[in-house]
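[1] I would like to see how this sequence folds:
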Amino acid sequence: MHQTTEQQWEADVLQAEGPVLVDFWAEWCGPCKMMEPILAKLADQYAERLAVIKVDVQAFPELAMRYDVLNLPTLALFRDGELVELLAGYMPLGVLEGKLKGYL
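    From the prediction side, this is the model:
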């Protein structure tokens with residue numbers, strides 16, 4: 001799991017091989033902090049099949065606007081450079097895994 005930037009977006013997300021889960025978050029967001037250990041566990045469990053990338057919306061608001069991110073946290077699943085799923089709000093690991101299963 002690592003942070004991306006506007007400059008790295010293309011390489012980290014749009015040109016990535018395999019599915020990429022992007023966590024749009026902010027430092028001041030409580031539910032975002034609650035998602036942190038869940039996303040870390042997900043990144044470890046599916047390291048060979050799923051990349052987990054973080055975007056700080058305060059540092060890169062253009063990326064958040066480009067994908068209509070209105071709530072935090074928002075998780076965006078990309079596959080072959082295309083947005084295939086947008087999930088808003090806190091989710092327990094089991095629920096998140098269920099939503100991602102078809103893409104892994």
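[2] all strands of the chain, in order?
    Ranges of strands in the chain, per DSSP state E, are 2-3, 20-25, 51-56, 74-79, 82-88.
[3] so who does F24 touch?
    By C-beta atoms under 8 Å, 6 or more residues apart in numbering, F24 lies in contact with V55, V57, L63, A64, Y67, V69, L72, P73, T74, L75, A76. Yep, even glycine has a C-beta here, placed from its N, CA and C like the rest.
[4] before we move on, back to that, export the strands of the chain as CSV, with columns for distance to D12 and mean pLDDT.
    Compiled in CSV, the strands of the chain are given as follows (distance: least, C-beta to C-beta, whole Å; pLDDT from 0 to 100):
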stretch, distance to D12, mean pLDDT
strand 2-3, 8, 93
strand 20-25, 7, 98
strand 51-56, 5, 97
strand 74-79, 10, 97
strand 82-88, 14, 96
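[5] which of these sits closest to L14?
    Closest to L14 of the strands of the chain is strand 74-79 (C-beta to C-beta; 7.1 Å).
[6] what comes up buried for the closest one?
    T74, L75, A76, L77, F78 (16 or more other C-beta atoms under 10 Å).
[7] cool, stretch 80-88 as well?
    By neighbour count on 16+ other C-beta under 10 Å, the buried set for stretch 80-88 is L87.
[8] contacting residues around it?
    13-16, 67-68, 70-71, 73-78, 96, 99-100, 103.
[9] dump the residue contacts of the residue nearest the centre of the chain.
    Geometric centre of the chain, nearest residue: V22, 1.8 Å, by C-alpha atoms, centre = their mean. Shown in contact with V22 (C-beta under 8 Å, 6+ apart): T4, V13, I53, K54, V55, L75, A76, L77, F78.
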